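> fold the stuff below for me.
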Amino acid sequence: MKKNVTILGLIFYLLFLSPFSQAQKYSVDGFVINTQTGEKVADVNILDKNTGIGTISDGDGNFKLLLNSGEINLLFTEGEFKSVSREFTLRADTIIDVQLELIKLPKKARELAVLDSAIDVVAKNNRLFKKRK
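The predicted model follows:
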């Protein structure tokens with residue numbers, strides 16, 4: 001008899017209580033804008049630093065993340081822009097718009113696209129130095 005009660009209790013928990021004990025998931029949608037031009041920015045890395053879940057903005061600067069409710073700390077990064085962090089408590093589906101500011105890099109640093117595997121480029125005091133491995 002006790003075995004039947006235990007099995008019925010387990011079935012009741014799995015069917016009715018288990019779904020409510022899991023964290024609720026909500027979507028965080030938005031877009032990223034260049035503050036200087038007003039244009040949307042593509043290929044921005046978006047990462048929730050608390051969970052490690054992330055995405056990249058699409059060609060139109062739009063992004064969407066599905067995250068558990070709770071404390072969120074989104075980090076927005078892209079090579080030519082200053083990183084931006086947004087912290088908030090997620091309790092419902094949320095839309096956020098993020099504005100990124102361009103970083104003024106030296107022309108040589110902007111032109112540098114591919115590094116030879118034997119050379120490290122180190123930026124120091126606004127100068128570029130080449131260091132052999």
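> list the buried residues for the one helix or strand Phe31 maps to?
Assigned by DSSP states H and E, Phe31 belongs to strand 25-34. Across strand 25-34, burial judged by 16 or more other CB atoms under 10 Å covers 26, 28, 30-34. Any C-beta I mention is one placed from the backbone N, CA and C, and that applies to glycine too.
> one more: stretch 89-99?
Quick answer for stretch 89-99 (16+ other CB under 10 Å): 90, 94, 98.
> list the helices and strands the strand holding Phe31 packs on?
Counting contacts by 3 or more CB pairs under 8 Å, 6 or more residues apart in numbering; DSSP states H and E, strand 25-34 is packed against strand 62-68, strand 70-78, strand 81-90, strand 94-100.
> let me know the closest of the buried residues of stretch 89-99 to Lys64.
Thr94 (10.8 Å; CB to CB).
> could you find the closest non-adjacent residue to that closest one?
Val28 (5.0 Å; CB to CB, 6 or more residues apart in numbering).
> go ahead and confirm Asn62 touches Val28.
No: at 11.8 Å, Asn62 does not count as touching Val28 under the criterion of CB atoms under 8 Å.
> can you give me the distance of Lys82 to Ile53?
As judged by CB to CB, to the nearest Å, Lys82 and Ile53 stand 23 Å apart.
> settle it for me: which of the two has more neighbours?
Ile53 (16 against 12; other CB atoms under 10 Å).
> Gly38 is nearest to which of the helices and strands packed on strand 25-34?
It's strand 94-100; of the helices and strands packed on strand 25-34, that one is closest to Gly38 (CB to CB) at 9.3 Å.
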